[in-house]
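Colleague: Okay, sequence plus prediction incoming.
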Amino acid sequence: MKLFEKNTQAIIFGRQGKVAQNMLDFDFISKREIPSVVCFVSPDRPGFERLFFGNKEMLFPVYKTLAQATKKYPQATVMINFAPSRFVYQTTLDAINTENIKTIVIVAEGVPERETRILSSLAKEKGKVIIGPATVGGVIAGKLKIGNAGGTIENIISSKLYRAGSVGLVTKSGGMLNEMFNIIARNSDGVYEGIAVGGDRYPCSSLVDHLLRLEEIPEIKFLVMLGEVGGLEEYKVVEALRQGQIKKPLIAWVTGTCSKIFPTEVQFGHAGARAGNSKETADNKNKELKEAGAVVPDSFDDLPDLVKKTYEELKSNGIIQEIEEFTPPRLPMDYDTLMKQGLIRKHAQFINTIADERGELNYSGVPITKIIEEKHSIGYAIGLLWLQKKLPEYATEFIELLITLFADHGPCVSGAHNTMVAARAGKDLISSITSGLLTMGPRYGAAQEEAGRYYLWARENGLTPQQAVDNAKKQGIPLPGFGHKIKSTKNIDWREKILIDFVRKNFPKTEYLDYCLEMEKITTKVSDKLIFNIGGISGALWLDLLKSLGYTDEEVKEFVEEGILTSINVLARIIGYIGHHLEQNRLKENLYRVPYDDVLYSLPKEEDL
Amino acid sequence: MAQRGIREYHGKKLLSKYLKENPQWSLSYPGEVALITPQVSLDDAQGENPWIKETPLVVKPDMLFGKRGKYGLILLNATFEEAKQWINERMGKEIEVGKVKGVLTHFLVEPFVPHEKEYYVAIKTEETGDKIYFSYEGGIEIEENWEKVQEFFVPVLKNIEDVTINLENENIVRFIQMLHHFFVDYDFTYLEINPFSVNGLNIVPIDLVARLDDTAFFKDSEKWGDIEFPTPFGRSFTKEEELVRQLDEKSGASLKLTILNPEGRVWLMVAGGGASVIYADTIVDLGYGNELGNYGEYSGDPSEEETYQYAKAILEVMTKTKDPRGKILIIGGGIANFTDVAKTFKGIIRAIKEYQDKLKENNVRIFVRRGGPNYQEGLTSMRRLGEETGIPIEVYGPELHMTKVVKMSLGGEK
């Protein structure tokens, strides 16, 4: 009975995109016309997998249930079950109970033996075949690659698994499957079909089940079997040989001949590989297989010679014909593979010079552990990330001073107000503070942007303080950074005094501050409200900071163009907005509505329009 | 792992627990057993087991080996003081059972129950069902009287009630039925009570041997309770074996190491459960079995760190004692399905670099043979390792038959 044909299609249980891609690559080089995978089933992660069939990218649906998958793809006769051991029983049971799935491959190790035996009996009742558990699957050369069997595409090509040979192979061990493909390809015309039944004590289909099946496939001219110490499965093969059910030449070897030298019971890698009594030993199995007519080498070392000998005999008898070779189509290479091999290159989409998290996190090359060890604070980190400079102490202190002074300015300013309104409308933290941040601009909270740019321009163009004041008047604009609604020369803003005192004491250069204070002398003659305000001060002081740090006028201008003047304000204000958001929630304040008497309703009459 | 032996103590405790939770059987076994260990003395056990001082006792080692009567390791009808003395004389002593030497550390203590008839029952799993053996003549002579053993077969898709058990004693039939349900419910793979006796509806399991299917842990952990899977008697672990066992338990990959002969000349560091056995086989088949230092395998795509730790464990043992003929390390494997050869080799290479001086002192020659994902890169790194360290390393890929390196290394062919 042939379980697999060139158009056999499989459903994969588990979201094994990578495995499926390997299967599809096998399909492509084997010149299959349709993909061997139709879809996936994953109760937790339904969706789609994007895979290549040759050059073509295709979408493969991932269904929540097997029922959905089989309904959509009734032509799929194979299910490859990648469910973890604890879910194998139910998922396999579901597959047995479908109408169309005829073959189930169980990959997981560690399925309880009773569950395996029940599944095995049920499958036999329903005339279905289960391969596994604890198996990698198998390869039907040129037709179907089950799961990870066959290994990489290079291996598939070197073992000629993309086209059918004359040898039927059955092994216990999945790990040895590729090795056997290799041995057979090197010493004959290659494998027709190779199945690993799995290393468990009670595989759902045994060595003999598959040998008898392969016996019936006319294209297979001889058989190779690799058994294992432990269990009694190989005796069923002995029986089949004695009964004449296996007529094709069978080369057989049972591994584990070393167990006799082990003093106490050693568990080999496989669950079934354990020699309980003398009947389960490899030596005894090899002996009985030989007596029953199998071709048995003296050691695994001699196995290749026997394959070669058998192949050549059958060929000289005309039983095996020369097969027509073809060169498999070249598989398109994956971008990632080529990149890894250094065969291609490309430009990156982004450039980043300030932070690298790939090893230990560092800011502009300074590891964070070092920043912490040297007891630097936020101002230092800001210096590294914004200016890529290790800032001197006066500069980090200044930055922290600004953050402290600008963290909040009460609930009545636009940003705080908006934050509170949004919080009371039930919005989350990020929405509320964003709503506050969006009010920041030339009129509120970010006046230093315009002010700083104006002073920079004025000094660059050689304007005297008087000319700078006059120029604004000439243009008909308010002098940026001057004037306050409430504060005046008599009612000073304490923040201003703190900043100016600090800068005077610590900055090596204060040219913009001096310039602006000259301007203030002129403006306050006009009105005591036309003071050099906090926006203007922070703009001027940023410029002085950059100059103090040794940047040229050109460089300072670049920083300004990049947008540095508003940066601290935005950062600082977030602190206050978060406070307002948290507080409104803490107070369980309800939705805010502007009271009617705070709005002047003055609508035109319709007839006036 | 699958089938693993448990102590007689735990087997009896589970039986008693099952009967308490399933009163429909109307069978009873109080489960009066105590386990004496180096940490829990007979005096300590008294608290939970008041019967210890009130009844005559049976004492025997409980360490997964049988034929204890034959080795004079059963004390019958003893008083508390006699039992205590008997245990004290044997606790921590090395004994030899068959060919295996081991230290006695665990003893089972239970009431001595005089009985007349001794029956035999055993259940084992087969591919399509469970085989039940029963005999009216149990005891140590069971093997000699095997022709009197009756067999019953319960297919996996059937219940034992569907099977005719043609025995006169109704209580024994009920007992066998109960025992099979217990066997299925608790995922046993082997259960033998030889002998047992029945006193009305009271069961007296005298000697019990059991194995559980440890892969069923995910569904049975509650039923099993505080179960323990002891290592076979006489099997103690070297430091390196223990280290690998711990690595294995923590990892999704498989890492195994058994030291066969610490002074062995040939050492294996082989990938794959199947391939590793074949390398060991070939060494034995070629007549070098007594030279083989270890059996082991790594598989299932272990991480670089895991193969590093694993390789270090092997290198440590193999460089402990010198051999004038030098030593051989075979880093072998078949053609992997999905294990990244280059990655696993990175860990091995790191370990070899660390041990290079010791390896040179021991005149170690290394033979590498491997295939699979990224094998070329892995093999190239191995060749470079040879050049860098000066350790003789021969490197082969799938073009060389997997086990040929064995002959080459042992001087048969070169």
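Modeller: Perfect, I can see it now.
Colleague: can you pull out the helices in the stretch 151-300 of chain A?
Modeller: For the stretch 151-300 of chain A, applying DSSP state H, counting those that start in this stretch gives helices covering A:153-158, A:177-187, A:207-215, A:233-242, A:282-291.
Colleague: Please identify the deepest-packed of these.
Modeller: Among these, judged by mean count of other Cβ atoms under 10 Å in any protein chain shown, the one packed with the most neighbours on average is helix A:177-187 (a mean of 26). No exception for glycine: its C-beta is placed from N, CA and C like everyone else's.
Colleague: for the helices of the stretch 151-300 of chain A, which one sits closest to A:Y592?
Modeller: helix A:153-158 (64.7 Å; Cβ to Cβ).
Colleague: Quick one: residues contacting B:E118.
Modeller: By Cβ atoms under 8 Å, 6 or more residues apart in numbering or on different chains, B:E118 lies in contact with B:137-139, B:195-197, B:206.
Colleague: can I get the residues you listed in a markdown table with neighbour count?
Modeller: Below are the contacts of B:E118 laid out as a markdown table (neighbours: other Cβ atoms under 10 Å in any protein chain shown):
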| residue | neighbour count |
| --- | --- |
| B:E137 | 15 |
| B:G138 | 25 |
| B:G139 | 16 |
| B:P195 | 21 |
| B:F196 | 23 |
| B:S197 | 18 |
| B:I206 | 17 |
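Colleague: and which of those residues is nearest to A:L429?
Modeller: B:F196 (69.9 Å).
Colleague: How about the closest one: what's its closest non-neighbour residue?
Modeller: B:P205 (4.8 Å; Cβ to Cβ, 6 or more residues apart in numbering or on different chains).
Colleague: Ok, B:V284 next?
Modeller: A:C258 is the one closest to B:V284 (Cβ to Cβ, 6+ apart), at 4.2 Å.
Colleague: Same question for B:E94.
Modeller: The nearest residue in space to B:E94 (Cβ to Cβ, 6+ apart) is B:V103, at 5.2 Å.
Colleague: List the residues that contact that neighbour.
Modeller: By Cβ under 8 Å, 6+ apart, the neighbours of B:V103 are B:92-95, B:236.
Colleague: Let's see the PyMOL selection covering just the buried ones among those.
Modeller: Here is the PyMOL command that selects the buried residues among the contacts of B:V103 (16 or more other Cβ atoms under 10 Å in any protein chain shown):
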select buried, chain B and resi 95
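Colleague: if we can go back for a sec, point out the least confident one among the contacts of B:E118.
Modeller: Lowest pLDDT among those: B:G139, with 86.
Colleague: returning to that earlier point: out of the contacts of B:V103, which one sits closest to A:V41?
Modeller: Among the contacts of B:V103, B:S236 lies closest to A:V41 (Cβ to Cβ), at 46.5 Å.
Colleague: okay but that closest one is in contact with B:T105, surely?
Modeller: No: in this structure, B:S236 is not within contact of B:T105 by Cβ atoms under 8 Å, at 10.2 Å.
Colleague: The residue located most distally from the centre of chain A: which element?
Modeller: Distance from the C-alpha centroid of chain A, by Cα atoms, centre = their mean, peaks at A:K525 (65.8 Å). According to DSSP states H and E, A:K525 maps onto helix A:511-526.
Colleague: ditto for A:K588
Modeller: Using DSSP H and E, A:K588 falls outside every helix and strand.
Colleague: Give the burial count for it, as a bare number.
Modeller: Using other Cβ atoms under 10 Å in any protein chain shown, A:K588 is surrounded by 7 other residues.
Colleague: From A:K260, how far off is it?
Modeller: Remark: distance between A:K588 and A:K260 (Cβ to Cβ, to the nearest Å) = 79 Å.
Colleague: Spit out the contact partners of the residue in the stretch 51-200 of chain B that chain A sits nearest to.
Modeller: The nearest approach of the stretch 51-200 of chain B to chain A comes at B:V156, 4.5 Å away (Cβ to the nearest Cβ). Contact analysis of B:V156 by Cβ under 8 Å, 6+ apart lists A:114, A:117-118, A:120-121, B:128-130.
Colleague: rewinding a little: out of the helices of the stretch 151-300 of chain A, which comes closest to chain B?
Modeller: helix A:177-187 (3.4 Å).
Colleague: Go ahead and produce PDB holding the CA coordinates of that closest one.
Modeller: Output of helix A:177-187 as PDB, limited to C-alpha atoms (Å, rounded to 0.1, in the frame of the first residue of the first chain):
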ATOM      1  CA  LEU A 177      17.600   8.300   9.100                       C
ATOM      2  CA  ASN A 178      19.800  10.900   7.300                       C
ATOM      3  CA  GLU A 179      22.900   8.800   7.900                       C
ATOM      4  CA  MET A 180      21.200   5.900   6.300                       C
ATOM      5  CA  PHE A 181      20.000   8.000   3.400                       C
ATOM      6  CA  ASN A 182      23.600   9.000   2.900                       C
ATOM      7  CA  ILE A 183      24.900   5.400   3.100                       C
ATOM      8  CA  ILE A 184      22.300   4.200   0.700                       C
ATOM      9  CA  ALA A 185      22.800   7.000  -1.800                       C
ATOM     10  CA  ARG A 186      26.600   6.400  -1.800                       C
ATOM     11  CA  ASN A 187      26.300   2.700  -2.400                       C
END
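Colleague: So what touches it?
Modeller: Contacts for helix A:177-187 (Cβ under 8 Å, 6+ apart): A:136, A:138-139, A:149-151, A:155, A:158-161, A:165, A:167, A:169, A:171, A:190-191, A:194, A:196, A:224, A:226, A:303-305, A:307-308, A:311, B:274-275, B:334-337, B:371-372, B:398, B:401-402.
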